[in-house]
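J.: Predicted model and sequence follow; I will ask about them next.
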Amino acid sequence: MNLRVEIAALDVLTLRLFDEIDETNMPWLIAAGERLRAQFGDDLIDLVPSYTTLMLHYNGQQLSEAEALRRVHAALDNLQPASTANQGHLHQIQVWYDPSVGPDLPRLAQLSGLSMEGVIERHCARDYSVFALGFVPGFAYMGLVQPELAAPRLSTPRKKVPAGSVGIAERQTAVYPLVSPGGWNLLGRTATRLFDPQREGYSLLKPGDRVRFIAIDRGTFIDQRGDVTPMAAEQ
């Protein structure tokens, strides 16, 4: 960890802990978040984690910039990564992998030199860390997928990606929680609701959580009330 503090906006600091995306960053980011919340207390307005940074918004009416910087350094001095006991929740998300709802699955198989079954097996073969939330409510950026599955975003994003669509972009993977535009490579679809206004915190996934994808068949997906509507050509 190599801490650098940047002024992002009025009463907002960007705390840059790392230079590269890596799964081993998360324990450090979790530990840093816990220390900062304790140090700032009620003077903390928001703390937003990302792959390598924390964005800290403090109460500028109560704290000067100098005092906020002092608290940051006090909180992160001699920081140690979070223990496994502090790891987030492990979620198992069941996915129906099929070209009708995952139209990029055949192309990813071709790019990787694997069969479609091989792509599915590798996508389900590991736990993914939730690095950050963004883009739309409940959209969790996860990684890292195995190198052979990495694929660039589509050159032209789709206008309408159905909710529950599971995709890959570079070495990240994610589930679209809502119908939205999107340029990720789609592999399949899940009936799991990632965003629910009735749920405490709204989002199923939180930074620091882990996700394991589980392949299911079409019948099981239908039993879960999953949407089997194929992707339309204009999408």
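T.: Cool, the structure landed.

J.: CA only for contacts and neighbour counts going forward, please
T.: OK.

J.: need the longest helix for the protein.
T.: Ranked by residue count and defined by DSSP state H, the top helix of the chain is helix 25-40.

J.: which residues touch the helix or strand following that one?
T.: Counting by DSSP states H and E, the next helix or strand C-terminal to helix 25-40 is strand 44-49. Contacting residues not belonging to strand 44-49 are listed as 29, 33, 37, 54-59, 131-132, 207 [C-alpha atoms under 8 Å, 6 or more residues apart in numbering].

J.: centroid residue for this structure?
T.: residue 141 (2.1 Å; C-alpha atoms, centre = their mean).

J.: Pull out the buried positions in the helix or strand hosting it.
T.: Using DSSP H and E, residue 141 falls within strand 140-143. By neighbour count with 16 or more other C-alpha atoms under 10 Å, strand 140-143 contains the buried residues 140-143.

J.: how about those residues in CSV, adding pLDDT and distance to residue 16?
T.: Putting the buried residues of strand 140-143 into CSV (pLDDT from 0 to 100; distance: C-alpha to C-alpha, whole Å) gives the following:
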residue, pLDDT, distance to residue 16
140, 95, 20
141, 94, 18
142, 94, 19
143, 89, 19
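
J.: between those residues, which is closest to residue 192?
T.: Nearest to residue 192 out of the buried residues of strand 140-143 is residue 140 (C-alpha to C-alpha; 13.3 Å).

J.: That closest one pairs with what?
T.: residue 133 (DSSP bridges).
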